[in-house]
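K.L.:
Okay, predicted coordinates and the sequence, questions at the end:
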Amino acid sequence: MTTLTTAPRRAAGRDDRITLRFMSTPADTAAGGRSVAAGSVMEWIDKAGYACAVGWAGTYCVTAYVGNVRHRRPIAPGSLIEVQARIIHTGRTSMHVVVTVSSSEVSERAYSPATTCVLIFVAKDADGRPTEVPAWEPRSRADRRLAAAALDRIPSRTEIKRLMLSEEYTDASRAPSATLRFLVPPSVVNWGGKAHGGTVMRWIDEAAFACAAAWTKDGDAASTAVAVYSGGIHFFAPVTIGDLVEVEARLLYTSERSMHLGIRVSSADPRAPRDLTLTTQCITVFVVPGAAGVALPVPMWRPEVDEDLRLNELTREIIRVRESIVPLAPSLTLEP
């Protein structure tokens, strides 16, 4: 007697949301030990978004964009973490996913939202080419409002990308900066053999912190500099095991109480370390927290050379575009 077996069918187009729950670890803590690092939060965001996107597409997906990561409040070390992700729009091969990170004290189980953002994933076939995904249709009031918000953000996101790619970064700059260089270890890759988008975002946060801390360098203030926003995170190319990675964070603009930093992630074959390819780019905002939740003043930076003057003005324009984007309220993203 012959028994026929078939592979389980993929549940593509069936589950449009997912929730992850876990406890933060000491490794997630930021320098200074007072809160969870923004880089850890962004790793969680990417993992939940990836799981949601793959569950809907039924195939491997890659992170293409992460926008408007707003860290509304710090997360205490040792907290219980809840990360909720849901599909809010689909294109032919892409999925827009909104992710909300909440936290709770272990003894309470009362989760409070801390961070919300939108990610875009692209589905890939077995040969690594973009492949079609099931169309998603809103069903609830929240679905319809979130779908409208996803569409509303497309023009602003396109303009921010255009602005960010319109200026070249060269060695002519005199801006304060920090650069990290290392080889990609096997421990950070996903099932497709590429570095997790969340891991790349953690590298971005680490380089940005190094630059911000060096700029504030005022006793304990440097160790308390924290990220409050990351935006325009565009992924242009994958990073693979063994690549030489260079993460450069450069100060672009300071307001009275904030530091805006441009971060560029590049990779190369270690045998040709000068042949760098830009893989990821974004802008991150750091502040130094003060009493009653008010950020402390930071040293003012005044650009002097042409490149820094151009990038400074470019950053001001990006800020103006960014301010036109209405933040998504957690009350909406968590609504059934």
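P.N.:
That came in fine, so what should we check first?
K.L.:
Which residue ranges of the protein form strands?
P.N.:
With DSSP state E, the ranges of strands along the chain come out as 17-23, 61-71, 80-90, 94-104, 112-123, 177-183, 226-235, 244-254, 259-268, 277-287.
K.L.:
Would you mind giving the ones you listed as a markdown table with mean pLDDT, mean neighbour count and distance to residue 38 added?
P.N.:
Every C-beta, even on glycine, is put in place using the N, C-alpha and C of the backbone. As requested, the strands of the chain are exported to a markdown table (pLDDT from 0 to 100; neighbours: other Cβ atoms under 10 Å; distance: least, Cβ to Cβ, whole Å):
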| stretch | mean pLDDT | mean neighbour count | distance to residue 38 |
| --- | --- | --- | --- |
| strand 17-23 | 97 | 14 | 18 |
| strand 61-71 | 92 | 23 | 6 |
| strand 80-90 | 98 | 24 | 14 |
| strand 94-104 | 98 | 25 | 11 |
| strand 112-123 | 96 | 23 | 8 |
| strand 177-183 | 97 | 14 | 16 |
| strand 226-235 | 92 | 23 | 4 |
| strand 244-254 | 98 | 23 | 13 |
| strand 259-268 | 97 | 24 | 12 |
| strand 277-287 | 95 | 22 | 8 |
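K.L.:
Point out where the stretch 101-250 of the chain drops to low pLDDT.
P.N.:
When residues are selected by pLDDT under 70, those of the stretch 101-250 of the chain lie in 218-223.
K.L.:
Spatially nearest residue to residue 125 (excluding sequence neighbours)?
P.N.:
Nearest non-adjacent residue to residue 125, counting by Cβ to Cβ, 6 or more residues apart in numbering: residue 131, 4.1 Å away.
K.L.:
picking up where we left off before, could the strands of the chain be laid out in JSON lines, adding distance to residue 322?
P.N.:
Compiled in JSON lines, the strands of the chain are given as follows (distance: least, Cβ to Cβ, whole Å):
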{"stretch": "strand 17-23", "distance to residue 322": "27"}
{"stretch": "strand 61-71", "distance to residue 322": "7"}
{"stretch": "strand 80-90", "distance to residue 322": "19"}
{"stretch": "strand 94-104", "distance to residue 322": "17"}
{"stretch": "strand 112-123", "distance to residue 322": "13"}
{"stretch": "strand 177-183", "distance to residue 322": "22"}
{"stretch": "strand 226-235", "distance to residue 322": "6"}
{"stretch": "strand 244-254", "distance to residue 322": "12"}
{"stretch": "strand 259-268", "distance to residue 322": "10"}
{"stretch": "strand 277-287", "distance to residue 322": "9"}
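K.L.:
Nearest to residue 325, out of those?
P.N.:
strand 61-71 (6.1 Å; Cβ to Cβ).
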